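*Asks:* structure, please.
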Amino acid sequence: MWFRKWKVFSILLSLWIFVSACGYRFAGDGDFPPWVRSLCVTVFENRTGEIGMETVFANDLIDEFTRNSSLVLAARADAILSGRIESLSIETVSRRGSDAAAERQAEIKASMKLTGADGKVLWSAEDISGREAYLVTSDKLATEHNRREAISTISKRIAERVYHRLRNHFRE
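*Replies:* Numbers count the residues shown, from 1 in each chain. Sure, this is the predicted structure:
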């Protein structure tokens, strides 16, 4: 019985975080200016046809900052990290025959910016991208699973890069 209540609570909490746009926030870290005690990561603008990618990207950034910094969550933040997923392209990188792909590669391009509470841009990057290859099988569901896993891997790598680029930017 308690497990069912916990499951319902977890689902409701996840929905609340998703809907709140600034679902997670962080506060002060030695690698960031002392006046950045809180950070809001917004759900990204998604210019691709891939449904849900904007949430995957925001959640991976949230996870990265949570793991690597001491920043605190706040709805109204000292800084806001927002972004745009500019494109998702898929291309064949190897073939099984003249007309059957054996492996494809997903490439995602994104742009992000960090703004202060006053709206001033503190950092921006237009050139963030990542690639990951995945297997194509005769099972369409397995291939789709592989494609989604590749997108997830790219998102995690981009989140790591953004965290380190931001940290290094403020260390200079």
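
*Asks:* and the pLDDT at residue 168?
*Replies:* As predicted, residue 168 sits at a pLDDT of 88.

*Asks:* need the contact list for residue 54.
*Replies:* 43, 44, 45, 46, 85 (CB atoms under 8 Å, 6 or more residues apart in numbering). Every C-beta, even on glycine, is put in place using the N, C-alpha and C of the backbone.

*Asks:* following element in sequence after the helix or strand of the chain with the lowest mean pLDDT, please.
*Replies:* Every helix and strand in the chain was compared by mean pLDDT, DSSP states H and E; the lowest is strand 24-26, with a mean of 38. Per DSSP states H and E, strand 24-26 leads on to strand 39-41 as the next helix or strand towards the C-terminus.

*Asks:* other SSEs contacting that following strand?
*Replies:* strand 24-26, helix 53-68, strand 79-95 (3 or more CB pairs under 8 Å, 6 or more residues apart in numbering; DSSP states H and E).

*Asks:* nearest to residue 136, out of the ones you listed?
*Replies:* Each of the helices and strands packed on strand 39-41 has some distance to residue 136 by CB to CB; the shortest is strand 79-95, at 8.0 Å.

*Asks:* output the contacting helices and strands for the closest one.
*Replies:* strand 39-41, strand 45-46, helix 53-68, strand 101-116, helix 140-171.

*Asks:* one more time with 7 Å, if that's ok
*Replies:* strand 39-41, helix 53-68, strand 101-116 (3 or more CB pairs under 7 Å, 6 or more residues apart in numbering; DSSP states H and E).

*Asks:* still on that earlier bit, mind giving me TSV with the helices and strands packed on strand 39-41 and columns for distance to residue 156?
*Replies:* Listed next are these as TSV, based on distance: least, CB to CB, whole Å:
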stretch	distance to residue 156
strand 24-26	16
helix 53-68	5
strand 79-95	14
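
*Asks:* between these, which gets nearest to residue 33?
*Replies:* strand 79-95 (8.9 Å).

*Asks:* give me the angle between that closest one and helix 140-171.
*Replies:* With axes from the mean of the first three to the mean of the last three CA atoms, to 10 degrees as the basis, strand 79-95 and helix 140-171 are set at 140 degrees to each other.

*Asks:* pull out the buried residues from strand 79-95.
*Replies:* When burial is assessed from 16 or more other CB atoms under 10 Å, strand 79-95 yields the following buried residues: 79, 80, 81, 82, 83, 84, 85, 86, 88.
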